[in-house]
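Student: Here is my input; please provide its structure:
(one chain, ligands or ions: 1)
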Amino acid sequence: MSLPGSPHLARRDGVLGLDGVDLDGLARRFGTPLYVYSQAAMLDAVAAYQRALQGRAHLVCYAMKANSSLAVLQTFARAGCGFDIVSGGELERVLAAGGRPERIVFSGVGKTRTEMQQALAAGVHCFNVESEGELRRLSEVATAAGRTAPVSLRVNPDVDAGTHPYISTGLRDNKFGVAHEQALAVYRLAAALPGLQVVGIDCHIGSQITQAAPYLDALDRVLDLVEAVEAAGIPIHHVDLGGGLGITYTDEQPPRADELVAQMLARMDARGHGRREVLLEPGRSLVGNAGVLLTEVQYLKPGATKNFCIVDAAMNDLMRPAMYQAWMAIEPVRQRAGVARAWDVVGPVCESGDWLGRDRPLAVAEGDLLAVLSAGAYGMAMASNYNTRPRAAEVMIVDGQPVLIRERERAADLFAGETLLPAAG
Ligand code: LLP
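Tutor: Model prediction:
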């Protein structure tokens, strides 16, 4: 069976390796659960976007919510990326990793005053504003700070990205963005408010999108608006088409990033927008296939109707299966002879929803290592400490060498900020 996702992942003498580094050796050295990433895979992924955008005014803003570990951010900052952030915390994190503030776009429906002040002080490239209320608040905050906030309006193009309802964001019923038909009026308001400077327009229609068509539909709707807004005398400097490009978890065949971008640019050229700056906010497609989660089989519990393979990673380490019924490939790190049977691969958390894969044909024994593939995006970034489980360690393969980029948390770290009540009086 070929491995979905990454050419960086391959078997040698039956053992799974990432960029030629055996994963069982890494699990022995660093313990499990363990996230392992290929830096080369991340760099390949971003290079595909950059290649297609060459010769244009552009900025690839990595949507850091997908994986916000410092070394990952540093990797993209060094590759010339900007960043798409959604919180003050992400801003602090990306600045700590060497991200440049003038390459940051600040998205999100619920920015607080404090976050606005923080981002203004840092000097971000743009606020991607999602409502009239936010626009008014940003104007107040900027005026009080004696600054001008660069703004883009996130418009909701009302196209169906054809993806899971929880990660589809461009439909009228979603909480995101300003409705297409109201956008012109909201741009007029933005242009009139003190403290704001209109610089762009943005949209983001969903995630794990595997077709080019919804992007091109959204682009057309956005360009219609650009033309209307500019006709009203408000210049739009950049067009930000968001992120959302899917990856291969099983048999999906999303367009390649360079092909998708080429199609979008061709559409822009055809409509006379060839000189406009283009921003993109890819997350998953830059990191998803670059990472795996390693876990050790603790117990096998065959049963009358179900066989359970209990591993040491759980929903707190990788939330996607529990939260979206996401299918992620699970491969033995070392292939073993024997008959495969169907296992539900589950974690130790006290919830029936704590599963990583269901009915997976595997030949396994206690102590074996399994790898959950395509786990580089929305894996560690969504990890929690439920059941007082310390979060996993992370290793990045850099130039063929493993580098520990995050230590395994200790239980004591988890309650370090808590206090006991005073002694009963
Ligand atoms: N820009 C905005 C405004 C977004 O909301 C998102 C993702 C992105 C960019 C990046 O999208 P990407 O290229 O990664 O698809 N936790 C879910 C995915 C949630 C995506 C939320 N927004 C999952 O594990 O599938």
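Student: which residues of the stretch 1-150 of the chain fall in strands?
Tutor: Using DSSP state E, counting those that start in this stretch, the strands found in the stretch 1-150 of the chain span residues 9-12, 15-18, 21-22, 34-38, 58-63, 82-85, 104-106, 126-129, 149-156.
Student: elements contacting the last one?
Tutor: Pointing back at strand 149-156 there. Here strand 149-156 touches strand 126-129, helix 132-144, strand 178-179, helix 183-192, strand 196-202, helix 213-231, going by 3 or more CB pairs under 8 Å, 6 or more residues apart in numbering; DSSP states H and E. Any C-beta I mention is one placed from the backbone N, CA and C, and that applies to glycine too.
Student: right, and the strands of the stretch 1-150 of the chain - which one's nearest the ligand?
Tutor: strand 58-63 (3.4 Å; CB to the nearest ligand atom).
Student: Who are the contact partners of E132?
Tutor: Residues counted as contacts of E132 (CB atoms under 8 Å, 6 or more residues apart in numbering) are 178, 186, 189.
Student: where exactly do the helices run in the chain?
Tutor: Under the criterion DSSP state H, helices of the chain are mapped to 23-30, 39-53, 70-78, 88-96, 113-122, 132-144, 183-192, 213-231, 257-270, 284-287, 320-324, 411-414.
Student: Deepest in the core, which of the ones you listed is it.
Tutor: Ranked by mean neighbour count, those are led by helix 284-287 with a mean of 30 (mean count of other CB atoms under 10 Å).
Student: For the stretch 151-300 of the chain, which residues are neighbours of the ligand?
Tutor: Counting by CB under 6 Å from any ligand atom, the stretch 151-300 of the chain comes close to the ligand at 167, 169, 204, 207-208, 242-245, 281-285.
Student: of all these, which two lie farthest apart?
Tutor: For these, the maximum inter-member distance is 15.8 Å, found between T169 and S285 (CB to CB).
Student: between the contacts of E132, which is closest to the ligand?
Tutor: Nearest to the ligand among these, with distances taken as CB to the nearest ligand atom, is V178, at 13.4 Å.
Student: okay but Q298 is in contact with A313, surely?
Tutor: No. The pair Q298 and A313 does not pass the contact test of CB atoms under 8 Å, sitting 10.1 Å apart.
Student: So which of those two has more stuff around it?
Tutor: A count of neighbours by other CB atoms under 10 Å puts A313 above the other of Q298 and A313, at 29 against 15.
Student: Tell me who's in contact with the more buried one.
Tutor: 32-33, 293-295, 347, 356, 372, 392.
Student: How about the backbone phi and psi for it?
Tutor: Note on A313: backbone dihedrals following degrees, to the nearest 10 are phi -100, psi 150.
Student: going forward, begin numbering at 825 instead of 1
Tutor: In the new numbering, first residue 825, that becomes A1137.
Student: before we move on, back to that, can I get the helices and strands packed on strand 973-980 in CSV including mean pLDDT?
Tutor: Shown next, in CSV, are the helices and strands packed on strand 973-980 (pLDDT from 0 to 100):
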stretch, mean pLDDT
strand 950-953, 98
helix 956-968, 98
strand 1002-1003, 94
helix 1007-1016, 97
strand 1020-1026, 98
helix 1037-1055, 96
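Student: Would you reformat the contacts of E956 as CSV and include distance to R1158?
Tutor: CSV is the format used below for the contacts of E956 (distance: CB to CB, whole Å):
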residue, distance to R1158
V1002, 53
V1010, 57
L1013, 61
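Student: quick one: pLDDT of R1095?
Tutor: At R1095, the model reports a pLDDT of 97.
Student: now do S992
Tutor: For S992, pLDDT reads 59.
Student: Kindly report the same for S826.
Tutor: 52.
Student: and what of M1088?
Tutor: Here, the pLDDT recorded for M1088 equals 98.
Student: From the ligand, how far off is the closest residue to it other than its chain neighbours?
Tutor: In this structure, M1088 finds its nearest non-sequential neighbour in L1043, 5.7 Å apart by CB to CB, 6 or more residues apart in numbering. Distance of L1043 to the ligand, given as CB to the nearest ligand atom, to the nearest Å: 15 Å.
Student: my guess is L1043 meets G1066, correct?
Tutor: No. In this structure L1043 lies outside contact range of G1066 using CB under 8 Å: 10.4 Å.
Student: Can you give the strand pairings for the biggest strand by length in the chain, parallel or anti for each?
Tutor: Criterion DSSP state E: the longest strand present in the chain is strand 1115-1126. According to DSSP bridges, strand 1115-1126 forms sheet pairs with strand 858-862 (antiparallel), strand 1131-1135 (antiparallel), strand 1193-1196 (antiparallel).
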